[in-house]
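Asker: could you work out the structure for the sequence below:
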Amino acid sequence: MVQPKTFLITGASIGIGRETAKLLAQNGYNMLIDYNRSKLLAEELYTS
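Answerer: Residues are numbered from 1 along each chain as shown. Next up, the predicted model:
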């Protein structure tokens, strides 16, 4: 049985981190997301 991969994305609220998180989510991967600047944008990403 194959375990799903889990990624840690730092800086996930903006820029490359955000786009990477979106792409991984669209492909069914598990993620831990971290943010530095915008809690609101990180929460928005989490709920989308």
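
Asker: so which residues of this structure form helices?
Answerer: Taking DSSP state H, the helices of the chain run over residues 15-26, 39-47.

Asker: ranking those by mean pLDDT, which is last?
Answerer: Among the helices of the chain, helix 39-47 carries the lowest mean pLDDT, at a mean of 84.

Asker: from Met1, how far out is the residue nearest the centre of the chain?
Answerer: Nearest residue to the geometric centre of the chain (Cα atoms, centre = their mean): Ala21, 3.3 Å. Here the criterion is Cβ to Cβ, to the nearest Å. By it, Ala21 lies 26 Å from Met1. C-beta here means a position set from N, CA and C on the backbone, and glycine is covered the same way.

Asker: repeat that for Leu45.
Answerer: The gap separating Leu45 from Met1 is 29 Å, by Cβ to Cβ.

Asker: just Tyr46 next, same as before
Answerer: According to Cβ to Cβ, Tyr46 stands 27 Å off from Met1.

Asker: more crowded one of those two?
Answerer: Neighbour comparison, Tyr46 and Met1: the larger count goes to Tyr46, with 14 against 2 (by other Cβ atoms under 10 Å).

Asker: Ile33 is in contact with the more buried one, correct?
Answerer: Yes: taking Cβ atoms under 8 Å as the definition, Tyr46 is a contact partner of Ile33 at 6.6 Å.

Asker: picking up where we left off before, residue contacts, the residue nearest to the centre of the chain?
Answerer: When the contact criterion is Cβ atoms under 8 Å, 6 or more residues apart in numbering, the partners of Ala21 are Ile9, Ala12, Met31, Ile33, Leu45.

Asker: which of these fall in strands?
Answerer: Ile9, Met31, Ile33 (DSSP state E).
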